[in-house]
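K.L.:
prediction below, plus the sequence it came from.
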Amino acid sequence: MNAMNRRKLITASAVLAIVGLAATALPAQAAEVGVSSSQIKLGMTLPMTGTASLGYNKIPGAAKAYFDYLNANGGINGRKVTLVVKDDRYVPTEAVAKTNELILKDKVMALLAPLGTANVKAVASVVNPGRRGIPVLFVNTGFSGFADKKKYPTTYTVLPSYVMEAKIMGEYIKENFAGKKIGLLYQDDDFGTDALAGFKTAGVNFAIRVPYASGSQNAAAAAGWITKFKGAEVDVVILFGVSSATSAMLGVAAQLKYAPQWMLGSVGGDATTIKATGVPAAVLTNAIGFSPVPATTDMKDEYVKFFSDIYAKAVPGSAFDLNVLLGMNTAFMTAQALKAAGANPTRKSLINAINTQGATFANSALVPAAYSRTSQVGLTGYWVGRYSSSGDLSPIGGSYVTYTTDSGAGAVVKSTYKRPAMPAKGLPN
Amino acid sequence: MKKVRILSLLSVTALISTVFITAPTVANAAPACDGKSPIQTCVGATSDGAPYAMQVPANFNGTVALYSHGYRYNVDIPAGIPLIGGYKITNTPEPVPGGNAAVAQYFFSQGIAILGSGFARQGWNPDSAIKTNVELIDTFKKQFPATTKVVAWGSSLGGVITQGLAEKHPELVSAVAPMCMADNITPQLTMAGDFLWGVKVLFDPSIKGGNYSPGAAGVAESYTDLVKVFTVMGKLQAALATGAWPDTASATGKALAAAGVPSRSALLLLGLMAGLPTQSAHFDSVSGPEGALKLTFPLALSPALAILENGTNAAALAVLATQDVENQAGGAIFDNTKTDYAARIDGERVIYNAALSGNTVIDALLGALSAANPGAPRAVADPAAVAKMNALHVNTGKINVPTVLMVGVADPITPAGASQRLVDLYVEQYAAEKAAAYKAYQTTRDYKAPVNKLLMLWNTTPTSYTKFNAAGSPDTSAPAAQGTNHCNFTSAQLLLVAKSLVQASNTGKLPSGAALYTAVRRAGNLSIDKGLSVPLLKYYTDNQ
């Protein structure tokens, strides 16, 4: 054997040895957890029962409606997408327990759209999906802290942050209610803290701020809130809480004929949900509202029309509202992420797909998403609307004018975003 | 909410290991063997006077299992003290956990002997206990020259002793299992000190909570503290639904009460800042009774009840261990002059926001407990005593031999974070061993992958377990849930540990793969999920 051949052989031996080393050191490549040849399993926790379930408990049905449509049209590369839903009642400790079940017993590939700042934080802290490499897709909370990639490396937001919403609200107040006395009702936790930060950045001065502890919202509490707002003689009351807080407040206000200029945050601003509690629609008349997606009554919008048609067939008799639209939109984005994750999706490839392609995923929102290799932030803005006497939210002036901003000190600007057209048949390309 | 009965059901006695063999206490007493078959029992005492017991089956195969018991109080407890009154110091040997017959029978069936001492001195004793164990191993080998292998295991403080033995004398043991292992003395007593200090400054400023007088006077002070702490916990329990403050509350506490801060929120905050689990024997912080409290109970009440149950359980040890270690160190050892309690609960304040009554109340409580408030004076340690305490035995966390850890994720006395620390350290150790192996490979072309030396068995809590009676009141008559209380293991779980030790001793490798998964599933309420992690003790978050 000549020297050249011997060198080649040694090199080849070394390569083989290293390959062999890798083979012994690493387990055989197993299929990803929650992914089989026929199925991709996702898990969701959110309040399906209890005070805070109001409206939000329609989200799983909405997401399933889209996934059923997707599955009937071939699924994701032949795999059906299934969704396991667990009721956490908006109790953080229960969200932890149920998420553990999803991961350890149900063996889901990813967590989808868990709801509530406290719940998502509790799960991040105790269950630690980030450390486990488990994707937490499109969380149903606008807490700006989830943008911290170090703390939440696998968590992706979709809703604009509460800071963004408060900043955009603040700009609207400055332009339209200058000199008026403003009152704020907010949840006394990170949800509210985010809002306060946004209003501060926007330079809003409140005549009174009324916090409520999560879980304490009811009619009796609402009567106390109204007393405080009346005492402060406010002209405008911002309701920056969950649906049950908004409903309690508006229901009691209707009884007491307390009628300031209402301004509703998007989290608790779904009229269908509010009306379902017996609150008369008239109390909403001329209230100001905010949304990142088109009005749910806007059947000229191709996304709204498409989702509305699917939902009507899947859940006949159930009103198509903001929670339904957001639930279906999330499922639609998830389908695109799974498709982009490759022929045999893994948790890692799913995360990579959102990082690299998420900003271009088709979806109904009228504002851009900010996903990138360095950002796990979803939508970034709102349009401003006014509720009609029937409770429908429509854009002020008749057409959508969208505003975008960040969760920091950045300015609120009119958005020039052009939404991608819906892919053929509403299926991921 | 109906008044709940908790205090009478607390398992403080769980701290005191069950004992089952009497032995002489004369130092250096040679083994006295009964010569019986099939199990021969030998008793004696080591040179420091620790009584020991050996039980050797007729089919002895050369392996002996050495068990180290947990913390036993080093003072007698007067009968009048609630819950633990009547305890007498004991150093009776304990060769298997709690005298568990099934475990002993398993070892004997395998031809394995069992061995354990009662240690010469009770209280915090790893320094002397490790020496005792070293001598005991030697004595056993001399008595039974066929001995080839020693496996060691221990519970609670016995876990510290076992880990310490493996760190200092890996040549003596082929596998070890520290179970419900305590952390090192400073993190453990920081947890105890934080909670006691909080109870004192908010609920009863006459509680001493540390800095006890030397000798008998300090012991008497600790007795008084025990009564006061149990009394205030009883008052907090009685007022849990109303949120009223005990009549012994400090001026700071009374000001908080006047501002509408519920006492249960204050109690919960103290538990969180100390690092106590929010799941206890009977309160899962998840369940609620049918009816109006279905949601309110887990959101607003259950976490505080869990802290009440866990805090009361931990209080006895906190008082007595503090007095014990202060006596050893010669002065006050707890110091919170620089502790940032707001940072301590930064992660938890949103999770338990409702039970803490919202950010406004949380901020009021943290303000009241801040170093800036003269109404909540911080505890100041004696530097010389702290130095002396720190010179007591400290485990580094190095894993030298195959090691099995098992702990309840909601153990209120030796938090699971103590085991998590070893897991975290071993990740670094294993990575370094792997790098060294690869480096050696580059020279030798003979890669020897490092063998995994750590198996972590998490004793998990059920998803929900709080029971309610027909009236909707919590029912605390059921046994403590799995994963809660101190060293609350079933025989099946202890047997899994024992079998893992034996396998590791025989093969040099811990169980793994499908066989391990099956064994873990059969043992019940255990998880080996590598993704499962629990918080470290708060001491470490202070010192990151």
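P.N.:
Structure's in. What do you need? Residues are numbered from 1 along each chain as shown, chains lettered A, B, ... in the order given.
K.L.:
for the rest of this, base every contact and every neighbour count on C-alpha atoms.
P.N.:
Fine.
K.L.:
just the pLDDT for the residue in the stretch 151-300 of chain B that chain A sits nearest to.
P.N.:
Nearest to chain A in the stretch 151-300 of chain B, going by Cα to the nearest Cα, is residue B:286, at a distance of 5.2 Å. Residue B:286 is assigned a pLDDT of 93 by the prediction.
K.L.:
is it true that it touches residue B:464?
P.N.:
Yes - look at residue B:286 against residue B:464 with Cα atoms under 8 Å: they come within range, at 6.2 Å.
K.L.:
who has more neighbours, those two?
P.N.:
Neighbours per residue, other Cα atoms under 10 Å in any protein chain shown: of residue B:286 and residue B:464, the larger number sits with residue B:286, 26 against 17.
K.L.:
chain center to stretch B:54-64: distance?
P.N.:
30 Å (Cα atoms, centre = their mean, to the nearest Å).
K.L.:
need the residues of chain A near chain B, please.
P.N.:
Taking Cα under 8 Å from any Cα of the partner chain as the contact definition, chain A meets chain B at A:21, A:25, A:50-51, A:89, A:91-94, A:97-98, A:118-119, A:121-122, A:125-129, A:131-132, A:188-190, A:211-216.
K.L.:
any quick ChimeraX command for the buried ones out of those residues?
P.N.:
Burial among those is assessed by 16 or more other Cα atoms under 10 Å in any protein chain shown; the matching ChimeraX selection reads:
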select /A:21,50,51,89,91,92,93,94,97,98,118,119,121,122,125,126,127,128,129,131,188,189,190,211,212,213,214,215,216
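K.L.:
name the nearest residue to the residue of the stretch 201-350 of chain A found nearest chain B, sequence neighbours excluded.
P.N.:
The nearest approach of the stretch 201-350 of chain A to chain B comes at residue A:213, 4.7 Å away (Cα to the nearest Cα). Nearest non-adjacent residue to residue A:213, counting by Cα to Cα, 6 or more residues apart in numbering or on different chains: residue B:358, 4.7 Å away.
K.L.:
what's around that neighbour, how many residues?
P.N.:
24.
K.L.:
my guess is it meets residue A:210, correct?
P.N.:
No - between residue B:358 and residue A:210 there is no contact under Cα under 8 Å: 11.8 Å.
K.L.:
now the helices for the stretch 51-200 of chain B?
P.N.:
B:101-109, B:126-143, B:157-168, B:185-203 (DSSP state H, counting those that start in this stretch).
K.L.:
most packed of the ones you listed?
P.N.:
Highest mean neighbour count of the helices of the stretch 51-200 of chain B: helix B:157-168, a mean of 27 (counted as mean count of other Cα atoms under 10 Å in any protein chain shown).
K.L.:
which residues pair with the spatially most central residue of chain A across the strands?
P.N.:
Centrality entry for chain A: nearest residue to the mean C-alpha point is residue A:140, 3.2 Å, by Cα atoms, centre = their mean. When bridges are called by DSSP bridges, residue A:140 pairs up with residue A:115.
K.L.:
residues contacting it?
P.N.:
By Cα atoms under 8 Å, 6 or more residues apart in numbering or on different chains, the contact set of residue A:140 is A:113, A:114, A:115, A:116, A:157, A:158, A:159.
K.L.:
the fifth one contacts residue A:148, correct?
P.N.:
This points to residue A:157. No - counting by Cα under 8 Å, residue A:157 stays clear of residue A:148, with 10.7 Å between them.
K.L.:
contacts for whichever strand or helix holds residue A:170 next, please.
P.N.:
Using DSSP states H and E, residue A:170 sits in helix A:162-176. Surrounding helix A:162-176, the residues in contact under the criterion Cα under 8 Å, 6+ apart are A:142-144, A:191, A:194-199, A:201-204, A:265, A:290, A:380-382, A:403-408, A:412.
K.L.:
chain center to it: distance?
P.N.:
Relative to where its chain is centred, helix A:162-176 has its mean C-alpha point 20 Å off (Cα atoms, centre = their mean).
K.L.:
got it, and stretch B:453-471?
P.N.:
17 Å.
K.L.:
stretch B:210-228 now?
P.N.:
Distance, stretch centre to chain centre, for stretch B:210-228: 22 Å (Cα atoms, centre = their mean).
K.L.:
ranges for the strands of the stretch 401-544 of chain B?
P.N.:
B:403-408, B:454-459, B:467-468, B:474-475, B:526-527 (DSSP state E, counting those that start in this stretch).
K.L.:
repeat that for the stretch 301-429 of chain A.
P.N.:
Remark: strands assigned in the stretch 301-429 of chain A by DSSP E, counting those that start in this stretch are A:381-387, A:393-395, A:402-404, A:413-414.
K.L.:
which of those sits most buried?
P.N.:
When those are scored by mean count of other Cα under 10 Å, the highest mean neighbour count falls to strand A:381-387 (a mean of 26).
K.L.:
direction included, what does that strand pair up with?
P.N.:
strand A:288-291 (antiparallel), strand A:393-395 (antiparallel), strand A:402-404 (antiparallel).
K.L.:
of the ones you listed, which approaches residue A:298 most closely?
P.N.:
In terms of Cα to Cα, the element of the strands paired with strand A:381-387 nearest to residue A:298 is strand A:393-395, at 8.4 Å.
K.L.:
give me phi/psi at residue B:246?
P.N.:
Main-chain torsions, residue B:246, degrees, to the nearest 10: phi -60, psi 150.
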